[in-house]
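Engineer: the following block contains a protein sequence and its predicted model.
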Amino acid sequence: MECPRCQGTMIVDHFVDMATSGEIWMPGWRCLMCGEIIDPIIESHRQQQEVHQEIVGAISGSSARPPAPVAVKSR
């Protein structure tokens, strides 16, 4: 698998999850280059954020991107 952040190599790793899933050991992916971690909980949260941004963009009539910087003239 290729890392979505740095395009490095990701390996299967096991992580301790004592708070949310109820499982002690949870499989996931870890990048050997940058340390990015992707597990089922992280992936679920990212998908929820994408849906939220789409809803906000639909309501506001624009994308959820921040506005472009404004040039400021000195006096």
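Structural biologist: Cool, the structure landed. This is a predicted model, so every value here is computed, not measured.
Engineer: only C-alpha atoms from now on, for both contacts and neighbour counts.
Structural biologist: Will do.
Engineer: so what's the residue count around the closest residue in space to residue 17 that isn't next to it in sequence?
Structural biologist: Leaving aside its sequence neighbours, residue 17 sits nearest to residue 24 (C-alpha to C-alpha, 6 or more residues apart in numbering; 5.4 Å). Neighbourhood size, residue 24 [other C-alpha atoms under 10 Å]: 12.
Engineer: number the chain from 34, please
Structural biologist: That works, and once the first residue is 34, the last one we named lands at residue 57.
Engineer: show me the contacts for residue 57.
Structural biologist: 48-51 (C-alpha atoms under 8 Å, 6 or more residues apart in numbering).
Engineer: before we move on, what about residue 42?
Structural biologist: Here residue 42 is in contact with 34-36, 64-66 (C-alpha under 8 Å, 6+ apart).
Engineer: ok, the closest residue to it other than its chain neighbours to residue 64 distance?
Structural biologist: With C-alpha to C-alpha, 6+ apart as the criterion, residue 42 has its nearest non-adjacent residue at 5.3 Å, and that residue is residue 35. Taking C-alpha to C-alpha, to the nearest Å as the criterion, residue 35 is separated from residue 64 by 8 Å.
Engineer: element containing the most centrally placed residue in the chain, please.
Structural biologist: In the chain, the centroid-proximal residue (C-alpha atoms, centre = their mean) is residue 79; its distance is 4.8 Å. Using DSSP states H and E, residue 79 maps to helix 73-93.
Engineer: distance from that helix to the middle of the chain?
Structural biologist: 10 Å (C-alpha atoms, centre = their mean, to the nearest Å).
Engineer: same question for stretch 42-49.
Structural biologist: For stretch 42-49, the distance to the chain centre is 16 Å (C-alpha atoms, centre = their mean).
Engineer: quick check: buried residues in that stretch?
Structural biologist: The neighbour-count check on stretch 42-49 (16 or more other C-alpha atoms under 10 Å) flags residue 43 as buried.
Engineer: what do you get for stretch 66-74?
Structural biologist: Quick answer for stretch 66-74 (16+ other C-alpha under 10 Å): 70-72.
Engineer: about what we covered before: check contacts around the residue nearest to residue 42.
Structural biologist: Contacts of residue 35 (C-alpha under 8 Å, 6+ apart): 41-43.
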